[in-house]
Each structure stands twice: as structure tokens, then as C-alpha cells.
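**Student:** Build the 3D model from these lines:
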Amino acid sequence: MNHPILYEINTRCWLREMSARLDRPVTLANVPDEEFAAWERLGFTHIWLMGVWTTGPRARALALNEPGLRRAYDEALPGWCEKDVAGSPYSIANYEVPNELGGEAALAEFRARLHRAGLKLILDFVPNHVGIDHPWLGRQPDLFVQSSKEFEGTFAQPTPAGVRWIAHGKDPYFPGWTDVAQLDYRNPATRKAMKEQLLSVAARCDGVRCDMAMLLLNEVFGRTWREFPISGSPPTTEFWAEAIPAVKAAHPDFLFLAEVYWELEARLQSLGFDYTYDKQLYDDLIHRNPVGVQRRLLELPPKFVAASAHFLENHDEPRVAASLSVLEHRAAAQVVLGLPGMRFLHEGQLSGARIKAPVQLGRRSIEAAQSDLQQMYATMLTTLHATSVGRGQGEILSPRAAWPGNPSGQNFIVVQWQSLPEEFDVVAVNLAEHRSQCYAPLSVPGLAEFNWSMRDLLGTETYVRVGSDLADQGLYLDLTAYGAQLFHFAPVS
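**Tutor:** I've put the predicted structure just below:
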């Protein structure tokens, strides 16, 4: 699958909600068959179980008592109680599945059932840090960034050799995360330990989403931790250049997805990541910048776009249904689903959820589904499943003005997909708040040799177009505000 559809699930909340709905305990071992059938029907290729690893008691205590988090809980889950707080799934005490989720055997059974349904499993790998409950802190303190004395952003860690001041994990632009400890990638022993940990995770899934993957780059890491001394010279090779080939040697089809920002996406792709977050596309869509969306997609190398993960929300971002109107949402969703690359959807997005739940919560507010958005996604996904979109060769087309003095063509995203010699599909989206027109120059071999039936698979419109006109002039498009169409082209006699 060259252009996967990833579905992120908040594992702890999802299992808790199913248990309440079915009035019985549900773990990864006994998820109802209907869930797998629904994912298969919608055309998902990968399920990301976000938050399956063990979080420890110290991390949970911090999540319970941090004032900013408590305010977030109040907003997202009015009337919450202490048992609703599980702690951050990114403060990992152990890369093992806790008993309340079913344990390791349940994860293996869940993965096997995914495979039987034709899907694959993605899990979290958090390379930059471990939780403050992790056993390495006491047993192998040399693996961490540290100081011989108290320093801002550190915490006291007792060890057999005395107290060490261990740095909290962080990125260079914000204060540290107080529930995690920073691994030191200048230390070869740390790299060895984390490569072994990654191999252990890889044996239990089909791919990993790597949290804040750019923090491990030598330049970024050195800049972030330059005030903390090390003995000896840091490695000159990149961790990812060592770790990714090691995993793929053992698991050739393993998938690596990087959470990455700061225009470092291409760098991580060059180091072996199959897909990297496309945060700029997200920003442009959410902030209603159609000209920026088109310009960037046309300027980027096609290989880069095809190695990007396109999304409208995830567990770190606000809910898209709370940010865009239904029409805007529909247009933006069609762009994300119609582009080459990974199409990345988030649990709750498909039903129009509006409340962003902090990841520290093990329970979230139950929201009634917005039927119009629910139907929209069901129609889009099941329709795409039967086309060449995401399965064939995708090409982003460069619209031109419909007539002199009409700039509205810059509001379009048009993608041509082809998998069969004499049929093709075109995704066309107008991201503007007004009607727009353009010509889209098609690049289909033999286009002029046929007349073409042009049917909108998301609507009721059907046309016949003369092939020589399409070849000479391009495809004329005239779309309403936030119009989104999926045209299937087939030759007619």
C-alpha cells in the first residue's frame, strides 16, 4: 500500500467506552468483531493504538496535581474524578501492555485479528525520553542527560552511586516535561539501549509513530543540551540512520512515521522515515489559506508529498469540527484524503467530535455524533475505496486561470489518479469561500483518443467530454464555495 490510511485510537478511552456500552470488561483481547469490520469497510490500512504502554505512579501523581492540567480536565471532562486520570501515555515506565488493557497476549491477539481483516498495527515509540518511573533511572543512570549538582529543569534521582540530577525531557523551545527523564543520545550506550528497545517494540507491531523524532538529530540534540557536559566526543552518525536499517533488516515491511516540525521533515525522510507529519498543510487548511495550500503542494517535490502524513487533527491538535464549518471541513477532508501520501484520521474526527481530551485522561466526554459529518466521512471513505485514489499513480495538477483577470484558480487543489490504462479519477476541491473556476491540465496518456464519461462519485453530476478538448484546453472546473468533487473518467464509444 503506497498511500495508507491511518486511524489513530486513544486506546485507554476507547476500551473504557466500549466496556461501558457493552456492560462488560473489554480489553484488546475481546474487542468486538464489528470494530474490525467497520475499519475494513472504511478502507483503513493501519490502526494506531495510541497509549498502550505502561505509565507509572509518579507520572500519574504529577498528572493529577499539575494546575494547568487540572484546568484542562475541567474544560474537557466536567465532573472528572481522580480515577479518570491515568497519566500521560508518553511518560512510559515500561514498553509492556498493562493488565487493564489485556497484557501482551491481548496485544498479540488484537494484531492477529487486524491482519485477518487486512490491516496493520502501529504503536508508539518515544525515543527522546522515558517516564520518571522507568527502571533505567535507578539501574542505568548514565543513559540520561544529567548534572552533578541541582540545575534548572532537573530532578534528584537516587542511585547506588548517590544522587544524580537528571534532566527532564524537553524540546529546545519550551520548559521540560516534568513526568519524563531525558535520554542522552551523545552516549553510545544510550543509543544501543534504545535501538534494542525499538527492536523489541518492532517485534510486536507493523510500524511505529515516533514521538518528536527530530529531537534526536545530532544538531538539534547538541543545541538543546549544550549546557550539560559529556565525557568524550558525541557520535557523528545519526541515531535514525543506525536504528531504522536495523529494524528493516529484521522486518522489511515495517513502517516508520515521524512526528516532526521545524522544516526538518525532508531530513528525516532522508534518514529512512517512510512518512513524516505534514504540519504546514494542517496549518494552512485550518487557517483558511487556500493560496498557500496550492502553492506549497505544487512547489514541493512529489516524492516529499508522497512521503508526508496529511491530517486535520490528532491527539495534539484541537478538534477540526470545532475549528471549521461543515462545508470547510468537507473540503479540507477531501484534500487530505485525495493527496498522495499517508492519509491520517483521528478517532472522533469521523463523528464530528468537538472536545479535545488531554492525553492524561483515561475517560473523555461522550459527544453525540454529528450525522452530517458522519455521513460525509462514510461516503468519502467508502467511495475512495473503490477508486484509484491512493492506489494508483497520483499527480497534483497545476490549475491555470479560466479566463484573463480571474485569479480564483489559485483556490483549487486538483489531483489526478490513474491505475488502469483507460480509466482515471480526479479529485477537485475549491478551498475558497466563494465560487471558483479554473482549467486543470490533465496528463493522461492517450487522452485525445477518446471521448470521456465524467461522473462525480460524491454527487449526481455526469458529463461527456471530448478527449481532444481535454488534451488541448484541460479540464474546466467551476465549483461552488468549498466544493469538493471526485470525478471518475471512463472512455465512451
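**Student:** Make sure residue 487 is indeed in a strand.
**Tutor:** Yes: judged by DSSP: H, G, I helix; E, B strand; the rest coil, residue 487 forms part of a strand.
**Student:** Share the number of residues neighbouring it, please.
**Tutor:** By the criterion of other Cβ atoms under 10 Å, residue 487 has 26 neighbours. Heads up, the C-betas are built off the backbone N, CA and C, glycines and all.
**Student:** That one is in contact with residue 428, isn't it?
**Tutor:** Yes: the pair residue 487 / residue 428 is scored as a contact, 6.7 Å apart, by Cβ atoms under 8 Å.
**Student:** Enumerate every residue touching the residue nearest to residue 422 when sequence neighbours are not counted.
**Tutor:** Nearest residue to residue 422, sequence neighbours excluded (Cβ to Cβ, 6 or more residues apart in numbering): residue 491, at 5.4 Å. If you count contacts by Cβ atoms under 8 Å, 6 or more residues apart in numbering, residue 491 has them with 422, 423, 450, 451, 452, 453, 467.
**Student:** run the last query once more with 7 Å
**Tutor:** 422, 450, 452 (Cβ atoms under 7 Å, 6 or more residues apart in numbering).
**Student:** Next: residue 117.
**Tutor:** Counting by Cβ under 7 Å, 6+ apart, residue 117 has contacts 36, 39, 40.
**Student:** Relative to residue 42, how far out is it?
**Tutor:** 11 Å (Cβ to Cβ, to the nearest Å).
**Student:** ok, now residue 409?
**Tutor:** 32 Å.
**Student:** the more surrounded of the two?
**Tutor:** Neighbour count, other Cβ under 10 Å: between residue 409 and residue 42, residue 409 has more, with 21 against 18.
**Student:** So that one sits against residue 399, correct?
**Tutor:** Yes: between residue 409 and residue 399 a contact is recorded at 4.3 Å, counting by Cβ atoms under 7 Å.
**Student:** neighbours around the closest residue to residue 129 other than its chain neighbours, how many?
**Tutor:** Of all residues not flanking residue 129 in the chain, residue 169 sits nearest, at 3.1 Å (Cβ to Cβ, 6+ apart). Residue 169 has 28 neighbouring residues, counting by other Cβ under 10 Å.
**Student:** and residue 169, what does it touch?
**Tutor:** Per Cβ under 7 Å, 6+ apart, neighbours of residue 169: 128, 129, 176, 177, 180, 181, 182.
**Student:** Let's have these in CSV, adding neighbour count and pLDDT.
**Tutor:** Shown next, in CSV, are those (neighbours: other Cβ atoms under 10 Å; pLDDT from 0 to 100):
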residue, neighbour count, pLDDT
128, 23, 98
129, 26, 98
176, 18, 93
177, 22, 96
180, 26, 98
181, 27, 98
182, 26, 98
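**Student:** which residues in the stretch 1-150 of the chain form helices?
**Tutor:** 11-22, 33-42, 57-65, 67-76, 103-116, 136-139 (DSSP state H, counting those that start in this stretch).
**Student:** Lowest average pLDDT across the ones you listed?
**Tutor:** Lowest mean pLDDT within these: helix 136-139, at a mean of 94.
**Student:** just checking, what packs against that helix?
**Tutor:** Taking 3 or more Cβ pairs under 7 Å, 6 or more residues apart in numbering; DSSP states H and E as contact, there are no helices or strands that helix 136-139 lies on.
**Student:** Can you mark which positions in it are buried?
**Tutor:** Of the residues in helix 136-139, 136, 137 count as buried by neighbour count, 16 or more other Cβ atoms under 10 Å.
**Student:** just use 525 as the starting number from now, easier for me
**Tutor:** In the new count, where the first residue is 525, that last one comes out as helix 660-663.
**Student:** which residues touch it?
**Tutor:** 654, 667, 681, 683, 690, 705.
**Student:** State the helix or strand in which the last one lies.
**Tutor:** This points to residue 705. Per DSSP states H and E, residue 705 falls inside strand 704-706.
**Student:** Just the CA atoms of the next helix or strand after that strand, as PDB, please.
**Tutor:** Toward the C-terminus, strand 704-706 is succeeded by helix 712-726 as the next helix or strand (DSSP H and E). Taking only C-alpha atoms (Å, rounded to 0.1, in the frame of the first residue of the first chain), the coordinates of helix 712-726 have been written out as PDB:
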ATOM      1  CA  PRO A 712      26.700   5.300  22.700                       C
ATOM      2  CA  ALA A 713      25.300   3.100  25.500                       C
ATOM      3  CA  THR A 714      22.000   5.100  25.300                       C
ATOM      4  CA  ARG A 715      21.800   4.600  21.500                       C
ATOM      5  CA  LYS A 716      22.500   0.900  21.900                       C
ATOM      6  CA  ALA A 717      19.800   0.500  24.600                       C
ATOM      7  CA  MET A 718      17.200   2.400  22.600                       C
ATOM      8  CA  LYS A 719      17.900   0.600  19.400                       C
ATOM      9  CA  GLU A 720      17.300  -2.700  21.300                       C
ATOM     10  CA  GLN A 721      14.100  -1.200  22.800                       C
ATOM     11  CA  LEU A 722      13.000  -0.300  19.300                       C
ATOM     12  CA  LEU A 723      13.700  -3.800  18.000                       C
ATOM     13  CA  SER A 724      11.600  -5.200  20.900                       C
ATOM     14  CA  VAL A 725       8.700  -2.900  20.000                       C
ATOM     15  CA  ALA A 726       9.000  -3.700  16.300                       C
END
